[in-house]
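Engineer: coordinates only, sequence not included:
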C-alpha cells in the first residue's frame, strides 16, 4: 500500500514539475519567435512561426497538447533546427544513462568498501587519511579534475582517449576505455560523500547491542559485519538515489569536457540556443529519471528497514 501511495505521489510531483517547467519556459520577456527569427523578422514571419508551433493558442491549451505529446514520447519539434526532438533524445539519452549508471555503480562499490574498511579501523591512521582524501574530493571542482585527467593521464600515458565516445560496434573494450576518465571525474565527489556516510553508519551499527550479543554467541566476524552493513544501508540508499539524479546535472560538465554525445550536453546546447521545446523535453526526461530513482529507493529502503513501512 505504501508503495502504491509513493507511486501516486511521484506521478503527482511529475505533473506539477511539468507544469512549472512549461510555465517558466513561457515566462521569458521576449517571444520565442523573436528569439529564433531575430530582430529583423517581420510581423508576418512572427505570426507564421507562432501558428506553426501553436504559440498563438491559449497557454493552457498549449500545455495540454504538449503534455499529451510527452506521454506518447512526442516532444514536438525544435525551434532552431525544426527537427523532431524525440529522436534526438533517443540518440543521446543512452550515452548519458550509461555514463551516469557506470559512475553510480563505481561510486557505490568504492564507497561501501572504503566506508566499511575505515569503520573497522575507527580513529586509526587509515581513518584520518580517508577523511583528508574525502575533503580534497569534495573541494576539487569536477571540471578542473577532468582537465587534469586529460592533461596528465590521457595525454601523458596515451592509455585513454582524450575525448569522444567510441561506439560499441568498434569493440566493447574501446568503448568502455573512453568512459574511464569521465566516470572517474564524476565519481570522486560522490565517493567522498557516500564513503563518509557509510563509515558513520557502520560505526553506529557496530556499537549496537545486537552486535555485542552476536559476538558473545560466537558468530564469525564476517557474518557480524554483514549484519551491521545491512543495518547501515537504509540511509545510504536514500542519499545514493538522490546522488543518481544529481549526476545527470554533473554530466553537463563532464560531457562537455570529454566531448561526449550525451543528452546533458544536448541540454546545454539547447539552453545556449534558447531552444525551449528541447529544454522542456530533456529536463522532463531527467526529472522523470530522478523521481523514478527516488521511488525505487523508497521501496528498497522499506525492504532493508521493515520498520519504515509501519510508520
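Structural biologist: All right, it came through fine. These numbers were taken from a predicted model, which means no experiment stands behind them.

Engineer: where does the stretch 151-300 of the chain dip in pLDDT?
Structural biologist: Nowhere does the stretch 151-300 of the chain drop to pLDDT under 70.

Engineer: Sketch out the helices for the stretch 151-300 of the chain, chain order is fine.
Structural biologist: 155-157, 172-177, 180-206, 209-216, 221-257, 263-273, 276-304 (DSSP state H, counting those that start in this stretch).

Engineer: Pick the most buried one from those helices.
Structural biologist: For the helices of the stretch 151-300 of the chain, the largest average neighbour count (mean count of other CB atoms under 10 Å) is found in helix 180-206, namely a mean of 22. For the C-beta atoms, the positions are set from N, CA and C on the backbone; glycine is no exception.

Engineer: so what does it touch, helix or strand wise?
Structural biologist: Where contact means 3 or more CB pairs under 8 Å, 6 or more residues apart in numbering; DSSP states H and E, helix 180-206 is packed against helix 85-119, helix 125-139, helix 142-149, helix 221-257.

Engineer: Provide the angle between the direction of it and the direction of helix 85-119.
Structural biologist: With axes from the mean of the first three to the mean of the last three CA atoms, to 10 degrees defining the directions, helix 180-206 sits at 50 degrees from helix 85-119.

Engineer: Just send the helices of the stretch 151-300 of the chain back as a markdown table, with distance to residue 116 too.
Structural biologist: Shown next, in a markdown table, are the helices of the stretch 151-300 of the chain (distance: least, CB to CB, whole Å):
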| stretch | distance to residue 116 |
| --- | --- |
| helix 155-157 | 31 |
| helix 172-177 | 27 |
| helix 180-206 | 6 |
| helix 209-216 | 14 |
| helix 221-257 | 6 |
| helix 263-273 | 32 |
| helix 276-304 | 16 |
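
Engineer: hang on, the earlier thing: any chance of the helices and strands packed on helix 180-206 in CSV with distance to residue 280 as columns?
Structural biologist: Compiled in CSV, the helices and strands packed on helix 180-206 are given as follows (distance: least, CB to CB, whole Å):
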stretch, distance to residue 280
helix 85-119, 9
helix 125-139, 33
helix 142-149, 26
helix 221-257, 16
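
Engineer: And the helices of the stretch 151-300 of the chain: which comes nearest residue 147?
Structural biologist: Closest approach to residue 147 among those (CB to CB): helix 221-257, 6.6 Å.
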